[in-house]
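Asker: Requesting a structural model of the entry that follows:
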Amino acid sequence: MAVAPARWLLRSRVHHCIDRSVSGHLACRLLSDIGGDDPKAPVLKVDNKGAISLCQNPMFHNRSKHIDTQYHNIRECIEGGKISIEFASSEEQLADVLTKLLGYVKFLELCPKIAVVEIDFPSYIWPLSAPPPLVPLTCEAKNTSVGVTEMRRKPVLICCGVLVAVVVVLAAVFVALYFTVFRPRAPHVVATVVGTETLAFNVVPPVLNLTMHVEVTVDNPNYASFRYGDVVTVVRYHGAAVGQSVVLVGEIGARATQTITATVEVDTLKVIFTPYFPLEGIVGVLPFETATAVAGKAVVLGTFKVSARSEVVCEVTVYPLRNNATTQCTSTVHIGR
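Answerer: Sure thing, here's the model as predicted:
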């Protein structure tokens, strides 16, 4: 019972071989009758070595005893030179194009070997007009074939699509972070004249010893440190600079607030030799103006940058006889300067 499937398979192979040999022999005779030439022995390509051995070897053995005498006709054809049998591997069976469901690449490889052509139908309706031209199939079994190229291109296109999608997602995330959490913002700068010291004051002879204390508060709202340059505070009297103070560069931490203190000593000579001092000295009211400038840059995540410059101008009215002062400040912020 174990050898029954093998016997059936071998018999089917031989039967199939016989059918093909008879058909080939008849076709050769028909072509010979039409053309008038002597028929040549057709070549029958078989991919089963057992069937070839059985056709060429007349030896009788147990596994072939069940084969009927009629199936030995192919052996007589081979001995008489009417049929020639050659071995062909399964990959070289041209008939598979018409008998089996092949893959795309294998189909394209076997098509030109049996002269299969592709009919390219134009816009007109055939056969109402001239028949369409026959275009040979441009299919080869090389790595440069259309099928192989398209199959290799598909993973590349998928990878490129995934890469583009990742880049788009990352770009969207960065844009969202830029306009929400990590958006660079200008620092808030507030300057205040916290006090004035009038150590000496006289109109005739003119004497003035005046010192101003200015506090500059910088609030950094960014998620990165804010690096500022020299903080310069200038004191003016009727538009003329009469004093200046410089605080060196520094850095304010992320989302932190820092207060910078500046002390400005007023140049007495520049004040008393102006034409405004005698009259204002008699009245006891000296109008000054302080201007404090803070410029720096904040960098978020090493990518988002913002440059800001803030200037605070204070109108300071000094009452030297009472040794006090009043102030009124305005602030201006410039982004990207």
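Asker: Any stretches of this protein with poor pLDDT?
Answerer: For the chain, the stretches flagged by pLDDT under 70 are 1-40, 56-73, 118-152, 178, 181-182, 184, 300-304, 336-337.
Asker: Show me the strands in it, by range?
Answerer: Listed in chain order, the strands of the chain (DSSP state E) span 43-46, 84-87, 117-119, 134-136, 188-202, 207-219, 226-228, 231-237, 240-247, 250-252, 257-265, 286-300, 304-319, 324-335.
Asker: for the ones you listed, which one sits closest to residue 97?
Answerer: Nearest to residue 97, of all the strands of the chain, is strand 117-119, at 12.7 Å by CB to CB. Yep, even glycine has a C-beta here, placed from its N, CA and C like the rest.
Asker: Can you give me the domain boundaries for the chain?
Answerer: Listed domain ranges for the chain are 4-88, 188-335 (source: automatic domain parsing).
Asker: Those into CSV, with extra columns for distance to residue 110 and mean neighbour count?
Answerer: Listed next are the domains of the chain as CSV, based on distance: least, CB to CB, whole Å; neighbours: other CB atoms under 10 Å:
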stretch, distance to residue 110, mean neighbour count
domain 4-88, 12, 14
domain 188-335, 58, 17
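Asker: Tell me which of the strands of the chain sits nearest to residue 94.
Answerer: Here strand 43-46 is closest among the strands of the chain (CB to CB), at 8.0 Å.
Asker: The closest one - which strands sit beside it in the sheet, and in what orientation?
Answerer: strand 84-87 (parallel) (DSSP bridges).
Asker: if we can go back for a sec, if we compare the strands of the chain, which one ends up closest to residue 108?
Answerer: When the strands of the chain are compared for distance to residue 108 using CB to CB, the nearest one is strand 117-119, at 10.6 Å.
Asker: one step back: would CSV of the strands of the chain with distance to residue 95 be doable?
Answerer: Shown next, in CSV, are those (distance: least, CB to CB, whole Å):
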stretch, distance to residue 95
strand 43-46, 9
strand 84-87, 14
strand 117-119, 18
strand 134-136, 20
strand 188-202, 87
strand 207-219, 87
strand 226-228, 81
strand 231-237, 93
strand 240-247, 95
strand 250-252, 83
strand 257-265, 88
strand 286-300, 71
strand 304-319, 69
strand 324-335, 79
